[in-house]
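Trainee: Got a sequence here, can you build the structure:
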Amino acid sequence: MSSAEELVDDFRLLKVALGAYGLDADIGNKFYIKKVLEDGTFDSGDLANKLSDKRYYEMAKDFGFGDLGIPGTKISTFGEKTTDAYLERQFEVAVGDQSEEMRLSLSLERDLGGVLSKSISDDGKWFSIMGNPPLRKVFETALGLPSSIGTLDIDQQLTMLKDKTETYFGSEKIDQFSDPDKMEELNRLFLIRSQTALGNAGMSSATIALTLLQRA
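Mentor: Numbers count the residues shown, from 1 in each chain. Below you'll find the predicted structure:
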C-alpha cells in the first residue's frame, strides 16, 4: 500500500487503520480520510493540523502519504505495529461495551504516554490532550470539570485544566505523569469520580480494582 487512495478503497485495511487510532466510527467518511492523509502534516495549512481531534494528525504523520517520499507503510514494522494497535483498541472497545469508564482507564497509559513522549512544550502537550477526546474526558472527569468547558476560549480551558491539576497533583506540568505513581493516581481519581457520577449502579469497587490490576 503506497497511497491514501489504495487505503480508502480497501474496506478491510481501512477498518484496521482507523481502528488502530480509535477512529472506527469515521469509516464512512472516505473522502475526508483521504484528504487528511494526502495532505500530510508538514504544512500548517494541512487539514490534520486544523482538526481539533489530534488522532487524525497522528494517523497522517504515521502513514506519511503526504509528507515523505516513501510512506510509513513501507517500513517493515509498520504492518505489525498497526495491527497490534488495532487489536489492543478492539479489546478496549469490547470492554467499553460493558463500561466506557473501564475502556478509558485501560487506554490511559498508552494515550497519555504518547503525549508525554512528544518533544514539545508543556502547553503543547496540554493542547494535545485537549485534542484527544478520550484523554480529555479522563482529565475532565478526574479533575471534576464539566464537559461544557469545551465551549470556553481555548486559553481559558487550558488555565482551568492546569489550575485543577496543580490543586490535585501538586503541579500543573504534564510531564509529572511520567511517574507511574502519578499516572496511577490520575487513573484512580478518574475511576472514583466516574463511579460517583454513575452512582452505585455503575462500576463497583471490585470492578475498579480489577481494572487497575489489569493495567498493572
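Trainee: Check the separation of the first and last residues in stretch 144-160.
Mentor: Stretch 144-160 has an end-to-end distance of 11 Å (CA to CA, to the nearest Å).
Trainee: Can you give me the buried ones in that stretch?
Mentor: Buried positions in stretch 144-160, judged by neighbour count with 16 or more other CB atoms under 10 Å: 145, 149, 157-158. Where you see a C-beta, it was placed from the backbone N, CA and C, and this is true even at glycine.
Trainee: Tell me the spacing between the residue lying closest to Tyr168 once chain neighbours are set aside and Asp84.
Mentor: Among residues not flanking Tyr168 along the chain, Leu143 sits closest, at 6.3 Å (CB to CB, 6 or more residues apart in numbering). Look at Leu143 and Asp84: by CB to CB, to the nearest Å, they are 31 Å apart.
Trainee: quick one, which of those two is more surrounded?
Mentor: Set Leu143 next to Asp84 and count neighbours by other CB atoms under 10 Å: Leu143 wins out with 20 against 12.
Trainee: Let me see the contact set for that one.
Mentor: Neighbouring residues of Leu143 by CB atoms under 8 Å, 6 or more residues apart in numbering: 161, 164-165, 168, 189.
Trainee: what does Leu87 give?
Mentor: Taking CB under 8 Å, 6+ apart, we find Leu87 in contact with no residue.
Trainee: With Ile33 instead?
Mentor: Contacts of Ile33 by CB under 8 Å, 6+ apart are 4, 7-8, 14, 18, 26.
Trainee: which stretch of helix or strand covers it?
Mentor: Taking DSSP states H and E as the definition, Ile33 sits inside helix 30-39.
Trainee: pLDDT averaged over that helix, what's the number?
Mentor: Confidence for helix 30-39, expressed as mean pLDDT, is 92.
Trainee: Can I get it as PDB, trimmed to CA atoms?
Mentor: Only the C-alpha atoms of helix 30-39 are listed here, as PDB (Å, rounded to 0.1, in the frame of the first residue of the first chain):
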ATOM      1  CA  LYS A  30     -13.700   8.100   2.900                       C
ATOM      2  CA  PHE A  31     -13.300  11.400   1.100                       C
ATOM      3  CA  TYR A  32     -12.500  13.200   4.400                       C
ATOM      4  CA  ILE A  33     -10.000  10.500   5.400                       C
ATOM      5  CA  LYS A  34      -8.300  10.500   2.000                       C
ATOM      6  CA  LYS A  35      -7.900  14.300   2.200                       C
ATOM      7  CA  VAL A  36      -6.300  14.200   5.700                       C
ATOM      8  CA  LEU A  37      -3.900  11.500   4.700                       C
ATOM      9  CA  GLU A  38      -2.900  13.100   1.300                       C
ATOM     10  CA  ASP A  39      -2.300  16.500   2.800                       C
END
